[in-house]
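> mind folding the following:
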Amino acid sequence: MSEKSEIKRLKTAKAHKNSGRNTLKGDATWQSFVVDIKEAKKSFSLNEKVWAKITTDAIKAGIDKSPALIIVLGDGPKKTRLIITELNVIEEMIGRV
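From the prediction side, this is the model:
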């Protein structure tokens, strides 16, 4: 699957033109998130530098959205899809703050 296909799977997501290379950064806007999508066959390395870029992209998007990373692992029909965001965002969503 491609990045575009993953965005379509989110149903209400809106793809950013040129995958964030223009004014609106990140790959898509979905719900309360600016999303970056990474696809890998077996693994994906997340570190402070990668997360800093995702966070900066959300800020540069100029819309009040939280950063999120969607990682799609696997090759073939069976894939594992994960979302990573800041814990305080999830706490606010479930009302624990």
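> which parts of this protein are strands?
Using DSSP state E, the strands of the chain run over 14-15, 28-30, 33-40, 66-73, 80-84.
> any low-confidence regions in this protein?
Residue ranges of the chain with pLDDT under 70: 1, 19-23, 96-97.
> let me see the contact set for the residue nearest the centre of the chain.
The residue lying closest to the centre of the chain (Cα atoms, centre = their mean) is residue 35, at 2.6 Å. Applying Cβ atoms under 8 Å, 6 or more residues apart in numbering to residue 35 gives the contacts 7, 10, 13, 26-29, 68-70. Any C-beta I mention is one placed from the backbone N, CA and C, and that applies to glycine too.
> at 6 Å instead, please
Shown in contact with residue 35 (Cβ atoms under 6 Å, 6 or more residues apart in numbering): 26-28, 68, 70.
> next one: residue 29
Per Cβ under 6 Å, 6+ apart, neighbours of residue 29: residue 14.
> 10 Å instead?
Contact partners of residue 29, counting by Cβ atoms under 10 Å, 6 or more residues apart in numbering, are 7, 10, 12-16, 35, 58, 61, 63, 65.
> the residues you listed: which two are farthest apart?
Within those, 12 and 58 form the most distant pair, 17.5 Å apart (Cβ to Cβ).
> more neighbours, these two?
More crowded of residue 12 and residue 58, by other Cβ atoms under 10 Å: residue 58, with 23 against 7.
> all helices of the protein, in order?
All helices of the chain, identified by DSSP state H, fall at 3-9, 48-60, 87-94.
> do you know which of these lies nearest residue 78?
Closest of the helices of the chain to residue 78 is helix 3-9, at 14.4 Å (criterion: Cβ to Cβ).
> next one: that closest one to chain centre, how far?
On the basis of Cα atoms, centre = their mean, to the nearest Å, helix 3-9 sits 11 Å off its chain's mean C-alpha point.
> these two touch, right, residue 57 and residue 28?
No. With contact defined as Cβ atoms under 10 Å, residue 57 does not count as touching residue 28 (11.0 Å).
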